[in-house]
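Q: The sequence isn't on hand, but the structure is:
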């Protein structure tokens with residue numbers, strides 16, 4: 001196929017998608033045809049270093065051989081039974097997951113938003129059954145700048161007006177406090193507070209790292225006031241920040257842990273809520289469920305995904321590679337960079353220009369990244385990224401920044 005025919009096909013695919021897909025996304029101008037490791041290949045055969053990792057769903061790299069093998073092996077046996085029946089894969093997955101996360105019990109679900117909704121239900125049930133909060137009076141404290149998903153309940157306590165606009169009315173029972181402010185958290189806790197829901201590092205909020213000691217203090221406050229401490233590690237967990245879980249940078253083990261994204265190894269949607277037996281035992285058969293949650297295919301993939309993270313030391317690799325990349329990024333001299341922050345391979349670059357401008361410039365240089373919060377570009381490559389690939393990224397970033405600086409110089413509106 002010639003270059004022109006490739007371009008025509010790409011154009012027709014884009015046109016087809018825009019004709020039939022509801023306009024809720026504004027994707028980058030790349031039609032991905034294949035992927036492997038840390039790289040994407042478009043329909044024209046051009047390769048891009050993946051610095052988005054499907055929002056951290058591809059920590060293990062694209063199409064990891066062990067994960068694909070587990071998928072194929074299980075698919076040849078049975079893919080779904082629903083929880084109305086037992087299967088051979090789920091018990092092994094639950095044991096592997098709970099051992100990996102140092103929790104006692106788990107509820108397997110599919111997407112991150114489903115897991116957050118599950119955690120909300122669990123926290124409220126615990127509040128009524130254990131803390132004896134009066135009926136329908138339970139409150140959950142959340143943080144300004146949060147992002148926990150897109151369901152109507154979750155966007156109801158989002159601080160982003162665009163996420164909320166014309167989607168109400170919203171469920172009551174949530175209080176918003178400033179992120180990283182333990183004094184505000186302490187003041188917000190009442191006898192009706194059942195939980196504090198927090199991201200150890202805010203991802204969609206702009207890669208915001210809280211002050212040292214914040215999570216430990218919050219965890220202590222929750223323990224003292226009989227409040228569940230819930231950590232949303234859907235994006236930060238499973239090695240992304242240089243630890244298995246971001247809360248491990250402090251003494252802040254949660255009462256309830258929410259996981260997703262990389263739990264599916266980059267090939268299948270898997271999420272989970274984990275907690276103690278005491279908290280989980282507030283639920284009874286029929287109180288919660290999911291058609292696909294805990295299906296045999298997901299369970300087999302989840303086991304392989306966790307095995308790869310542990311066996312290939314991806315947390316340590318993210319910690320070492322992330323420290324090196326952070327150092328290299330902070331050494332870049334550009335008037336367009338306001339700040340560089342993050343932990344492990346969850347990094348954000350605060351810009352003095354709209355981040356989408358730099359995203360487009362990076363794409364032209366073979367790097368696929370994504371903007372968030374207007375002026376922040378996130379750098380979240382697969383945890384298997386090599387030193388050579390890091391240097392490619394840094395070189396591309398320096399070139400893209402130079403391109404943007406030149407464009408700003410020649411554009412009187414910039």
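A: Received, thanks. Since the model is a prediction, treat every value here as computed from it, not as a measurement.
Q: Tell me how the chain divides into domains.
A: According to automatic domain parsing, the chain comprises the domains 3-60+313-410, 65-311.
Q: Pick out the shakiest of those, pLDDT-wise.
A: Among the domains of the chain, domain 3-60+313-410 carries the lowest mean pLDDT, at a mean of 94.
Q: quick one, strands of the stretch 1-150 of the chain?
A: With DSSP state E, counting those that start in this stretch as the criterion, the stretch 1-150 of the chain has strands at 32-36, 39-42, 47-50, 105-109, 139-143.
Q: which outside residues touch the second one?
A: What that stands for is strand 39-42. Under the criterion C-beta atoms under 8 Å, 6 or more residues apart in numbering, residues 10, 30-35, 47-50, 62, 368 lie in contact with strand 39-42. For every residue, glycine as well, the C-beta is placed using N, CA and C.
Q: thought residue 221 was touching residue 186?
A: Yes: contact status for residue 221 versus residue 186: in contact at 5.5 Å, counting by C-beta atoms under 8 Å.
Q: Residue 196 should be in a helix, yeah?
A: No: under DSSP: H, G, I helix; E, B strand; the rest coil, residue 196 sits outside any helix and is assigned strand.
Q: distance of it from residue 203?
A: 18 Å (C-beta to C-beta, to the nearest Å).
Q: Those two - which one has more neighbours?
A: residue 196 (27 against 24; other C-beta atoms under 10 Å).
Q: how near is that one to residue 326?
A: Shown here: residue 196 relative to residue 326, a distance of 29 Å by C-beta to C-beta.
Q: Find the residue at the geometric middle of the protein.
A: With distances taken as C-alpha atoms, centre = their mean, the residue of the chain nearest its centroid is residue 235 (2.2 Å).
Q: Now do the same contact list for that residue.
A: Contacts of residue 235 (C-beta under 8 Å, 6+ apart): 55-56, 112, 199, 203, 261, 346.
Q: any idea which of these is closest to residue 74?
A: Residue 74 has its nearest neighbour among the contacts of residue 235 in residue 261, at 20.1 Å by C-beta to C-beta.
Q: hang on, that closest one packs against residue 234?
A: Yes: with contact defined as C-beta under 8 Å, residue 261 counts as touching residue 234 (5.5 Å).
Q: Quickly list what's touching both of those two.
A: With C-beta under 8 Å, 6+ apart, residue 261 and residue 234 have common neighbours 112, 271.
Q: name the element residue 230 belongs to?
A: If you go by DSSP states H and E, residue 230 is part of strand 228-232.
Q: The helix or strand following that strand pairs with which strands, and in what direction?
A: Counting by DSSP H and E, the next helix or strand C-terminal to strand 228-232 is strand 256-259. Paired neighbours of strand 256-259 in the sheet (DSSP bridges): strand 228-232 (parallel), strand 271-275 (antiparallel).
Q: For residue 402, which of those is the nearest?
A: Of all the strands paired with strand 256-259, strand 228-232 sits nearest to residue 402, with 37.3 Å by C-beta to C-beta.
Q: ok and the closest one relative to strand 139-143, angle-wise?
A: 40 degrees (axes from the mean of the first three to the mean of the last three C-alpha atoms, to 10 degrees).
Q: right, and the strands of the stretch 1-150 of the chain - which one's nearest residue 334?
A: Among these, strand 47-50 comes nearest to residue 334, with 19.5 Å by C-beta to C-beta.
Q: Pull up the pairing partners for that closest one, direction included.
A: By DSSP bridges, strand 47-50 pairs with strand 39-42 (antiparallel), strand 367-368 (parallel).
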